[in-house]
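Peer 1: here is my input, please return the structure:
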Amino acid sequence: MSARAPVLALAVAETFSISGTRLSTIAIPWLVLSTTNSPVSTGLVAMMEMLPYVVAKALGGPLIDRVGPKRIAVVCDAASAVVVGLVPLLHILGMLTIPALLPIVFVIGVLRGPADAAKQSMVPDIAELAAVPLERVTGVVGTIERLASTVGAAGAGALIAVIGPAQALAVNAVTFAVAALIVGVGIPALRHISVAATASYGRDLLEGWTFLRRDAVLMGIVIMVATTNLLDQAFHAVLLPVWIRETGHGPEMLGAMLAVFSGTSMIGAAIAASIGERMPRLIVYTAAFLLTGFPRFLVFAVDAPLALVFATLAIGGFASGFLNPILSAVMFERIPKPLVGRVTSMNTALCWTLIPFGGIFGGVLISGIGLPAALLLTGTAYLAATLLPLARKSFRGFEKRRIADANPS
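Peer 2: So this is what the prediction gives:
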């Protein structure tokens, strides 16, 4: 096997896994909305998947470090295929009801959290095995994530239109099965059970949290990304759709705008993958967030011409492609290998904790101060969230490339 074959295997597995996840996040709510015509039920089902996802991701870290990320990824992806496949099966049998769907969605969230975290925690080992810089592997993964998200969303819309939301989830089950197969065959056992397995699970979890809490750079990233995720969710879930509707455009305009942002983001991530190790991290990070954040909110707040809106989205999307490769490389460099699973899982889970509340936040703002003011306030908050960590001297360690100690201190 070529030394770089695991990089390709991880990229392909992520393509299937992430596109499947994106498909389910569209198909399941659409299924509920089309069968119940109830926004409340739709929101409840979405929450039932997201909350266990975040919690399972945080709590699954010690298990990844003990058992190994490959085994967790294969088991959880394979189990996801089975559980997701229950939805079209129950629909065919005429037994699919909201009470039956809720526990299925809950289990899907429980499985997807550790599966995604396990594949993410493979990155430093695969980079070392392939003898390539971390920024290159994280850039490839970032490009794949954006490509899979775009393909998954577009594919979901087409499949739902052609065969219906329940049947579309059968394709979703296949994507998870393929991801499990690729990881099982194409990636070696990167980490064996560590000596930490003799400690209690709670102690393992606490050790990961303690390490994360004491690292000023990692905590700065967590706080910043959690805040921007909340604001991004408010923008995508509420602020942008309301702007589209109030300006007399249809859903095709929403799709076009998101496609422009995602498409240029893939280009940025691909460039970051090729030259990331040579970029000045702090400068690129700051410039990228300045371009992808406030201008995007401003052009909608002032009802700028569509040409300017699309240009701003294209520039912002391109800049955003550089962010995850840099942030991921910084994170992996600072975490000792025995703690990678639990620290990365907790880091990602904390970054996602506010996403379920983004739509509510955006809706409350519009109701209270109107759409233009809500856009300006959200954009200003986004700008503050990305710049405030720079005011802390300790966060400037972000720029320094380092190799984490083999053992945590």
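Peer 1: give me the neighbour count for residue 367.
Peer 2: 9 (other CB atoms under 10 Å). Where you see a C-beta, it was placed from the backbone N, CA and C, and this is true even at glycine.
Peer 1: any idea how far residue 360 is from it?
Peer 2: Taking CB to CB, to the nearest Å as the measure, residue 367 falls 11 Å from residue 360.
Peer 1: can you show me the helices along the stretch 151-300 of the chain?
Peer 2: Using DSSP state H, counting those that start in this stretch, the helices of the stretch 151-300 of the chain run over residues 165-186, 201-214, 216-234, 240-246, 251-275, 281-292, 294-301.
Peer 1: so which of those gets nearest residue 145?
Peer 2: Residue 145 lies closest, by CB to CB, to one member of the helices of the stretch 151-300 of the chain: helix 251-275, at 7.8 Å.
Peer 1: give me the distance between the closest one and the centre of its chain.
Peer 2: The chain centroid and the centroid of helix 251-275 are separated by 15 Å under CA atoms, centre = their mean, to the nearest Å.
Peer 1: got the angle between it and helix 294-301?
Peer 2: 170 degrees (axes from the mean of the first three to the mean of the last three CA atoms, to 10 degrees).
Peer 1: now do helix 251-275 against helix 281-292, angle only.
Peer 2: Here helix 251-275 runs at an angle of 170 degrees relative to helix 281-292 (the same axes, to 10 degrees).
Peer 1: and helix 251-275, what does it pack onto?
Peer 2: Secondary structure elements in contact with helix 251-275, counted by 3 or more CB pairs under 8 Å, 6 or more residues apart in numbering; DSSP states H and E, are helix 134-163, helix 240-246, helix 306-320, helix 323-334.
Peer 1: ok, which of those comes nearest residue 211?
Peer 2: With CB to CB as the measure, helix 323-334 is the member of these nearest residue 211 (9.1 Å).
Peer 1: what is that closest one packed up against?
Peer 2: For helix 323-334, the packing partners by 3+ CB pairs under 8 Å, 6+ apart come out as helix 123-130, helix 134-163, helix 216-234, helix 251-275, helix 281-292, helix 340-352.
Peer 1: kindly compare burial across those and name the winner.
Peer 2: Most buried of the helices and strands packed on helix 323-334, by mean neighbour count (mean count of other CB atoms under 10 Å): helix 340-352, with a mean of 26.
Peer 1: which strands or helices does it pack on?
Peer 2: Identification of packing neighbours for helix 340-352 by 3+ CB pairs under 8 Å, 6+ apart yields helix 39-59, helix 61-67, helix 98-121, helix 201-214, helix 216-234, helix 323-334.
Peer 1: tell me the contacts of the closest residue to residue 80 other than its chain neighbours?
Peer 2: Nearest in space to residue 80, with sequence neighbours left out and distances taken as CB to CB, 6 or more residues apart in numbering, is residue 176 at 4.3 Å. Listed by CB atoms under 8 Å, 6 or more residues apart in numbering, the contact set of residue 176 reads 16-17, 20, 77-78, 80-81, 84.
Peer 1: just the buried residues of the residues you listed.
Peer 2: 16-17, 20, 77-78, 80-81, 84 (16 or more other CB atoms under 10 Å).
Peer 1: pLDDT check: weakest of the residues you listed?
Peer 2: Ranked by pLDDT, these bottom out at residue 20 (80).
Peer 1: excluding chain neighbours, give the residue nearest to that residue in space.
Peer 2: Once flanking residues are discounted, residue 20 sits nearest to residue 175: 3.3 Å by CB to CB, 6+ apart.
Peer 1: so how far is residue 16 from that neighbour?
Peer 2: Plainly put, residue 175 is 5 Å away from residue 16 if you go by CB to CB.
Peer 1: what number of residues lie near the residue nearest to residue 293 when sequence neighbours are not counted?
Peer 2: Among residues not flanking residue 293 along the chain, residue 382 sits closest, at 4.2 Å (CB to CB, 6+ apart). When neighbours are defined as other CB under 10 Å, residue 382 has 23 of them.
Peer 1: mind listing what residue 382 touches?
Peer 2: By CB under 8 Å, 6+ apart, the contact set of residue 382 is 227-228, 231, 293-294, 297.
Peer 1: so it is in which element?
Peer 2: Per DSSP states H and E: residue 382 is located in helix 371-387.
Peer 1: taking helix 294-301 as reference, get the angle to that helix.
Peer 2: For helix 371-387 against helix 294-301, the angle by the same axes, to 10 degrees is 180 degrees.
Peer 1: now the angle from helix 371-387 to helix 216-234?
Peer 2: Here helix 371-387 runs at an angle of 170 degrees relative to helix 216-234 (the same axes, to 10 degrees).
Peer 1: can you get me the start-to-end distance on stretch 325-345?
Peer 2: From its first residue to its last, stretch 325-345 covers 17 Å (CA to CA, to the nearest Å).
Peer 1: in that stretch, what's buried?
Peer 2: 325-335, 337-345.
Peer 1: now for the one helix or strand residue 28 maps to, which elements pack on it?
Peer 2: In this assignment (DSSP H and E), residue 28 forms part of helix 5-36. With contacts taken as 3+ CB pairs under 8 Å, 6+ apart, helix 5-36 sits against helix 39-59, helix 69-92, helix 98-121, helix 123-130, helix 134-163, helix 165-186.
Peer 1: could you redo the last one with a cut-off of 6 Å?
Peer 2: Counting contacts by 3 or more CB pairs under 6 Å, 6 or more residues apart in numbering; DSSP states H and E, helix 5-36 packs against helix 39-59, helix 123-130, helix 134-163, helix 165-186.
Peer 1: which one of the helices and strands packed on helix 340-352 lies nearest to residue 180?
Peer 2: With CB to CB as the criterion, residue 180 lies closest to helix 98-121 of the helices and strands packed on helix 340-352, at 8.8 Å.
Peer 1: avg pLDDT for that closest one?
Peer 2: On average, helix 98-121 scores 88.
Peer 1: got the angle between it and helix 69-92?
Peer 2: Using the same axes, to 10 degrees, helix 98-121 lies at 160 degrees relative to helix 69-92.
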